[in-house]
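Chemist: Sequence and predicted structure are below.
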Amino acid sequence: MIPRIDVRNAVARKNFTGELEFAFEAEQDLIDIPYVEFSSPVTAALRYEIFADDKAEVTGKLSFSLKGLCSRCLAEAEKEIVCGAEGTFAPVPKDEEYGYSNGFIDLREFLRDSVMFALPPRLLCGTCAEEESE
């Protein structure tokens, strides 16, 4: 389950920073590499900071694994992915900010985007990855 950040409650308690650690199942339709799927839940370690203008910044790290067939030779392949995640949330979003309403930040869209941007264009087995790096 993906937690929400209660901005109003945090501000009322004068607790302007916090940390979240959780795991969630990513949507399989994020992957557009044939014969590849998520082989583990996405683990998130996030930190948030709420500012005086009611904007909040969320940063952290996501990790997950992919498993499937090599895009080059069709051998079994698996890859562990660790990526950074960074987003700004505002009650009235502008440009590249995420919005939030009723004092709660819903992290789902932010996490979906972060996972999607971390996905490789293809999955390679160890042999093909070595050949490509030469």
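Modeler: Yes, it's here.

Chemist: For this structure, just list every one of the strands.
Modeler: Along the chain, counting by DSSP state E, strands occupy 4-6, 17-24, 36-38, 42-50, 56-69, 76-90, 98-99, 104-106.

Chemist: Dump these into TSV; add mean pLDDT and mean neighbour count as well.
Modeler: Every residue, glycine included, has its C-beta placed from N, CA and C. Output for the strands of the chain, formatted as TSV (pLDDT from 0 to 100; neighbours: other C-beta atoms under 10 Å):
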stretch	mean pLDDT	mean neighbour count
strand 4-6	96	16
strand 17-24	97	14
strand 36-38	98	18
strand 42-50	98	18
strand 56-69	98	18
strand 76-90	98	16
strand 98-99	98	16
strand 104-106	97	17
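
Chemist: With distance to residue 127 as extra columns, can I get those in CSV?
Modeler: Formatted as CSV, the strands of the chain follow (distance: least, C-beta to C-beta, whole Å):
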stretch, distance to residue 127
strand 4-6, 44
strand 17-24, 31
strand 36-38, 17
strand 42-50, 27
strand 56-69, 13
strand 76-90, 9
strand 98-99, 40
strand 104-106, 42
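
Chemist: Which stretch among those strands approaches residue 131 most closely?
Modeler: strand 76-90 (13.3 Å; C-beta to C-beta).

Chemist: got the angle for that closest one vs strand 42-50?
Modeler: Orientation note: strand 76-90 sits at an angle of 20 degrees relative to strand 42-50 (axes from the mean of the first three to the mean of the last three C-alpha atoms, to 10 degrees).

Chemist: helices or strands next to strand 76-90 in the packing?
Modeler: Here strand 76-90 touches strand 56-69, strand 98-99, helix 108-118, going by 3 or more C-beta pairs under 8 Å, 6 or more residues apart in numbering; DSSP states H and E.

Chemist: on that earlier part again, which one, of the strands of the chain, ends up nearest to residue 121?
Modeler: Nearest to residue 121, of these and by C-beta to C-beta, is strand 36-38 at 11.2 Å.

Chemist: how many neighbours does residue 30 have?
Modeler: 13 (other C-beta atoms under 10 Å).
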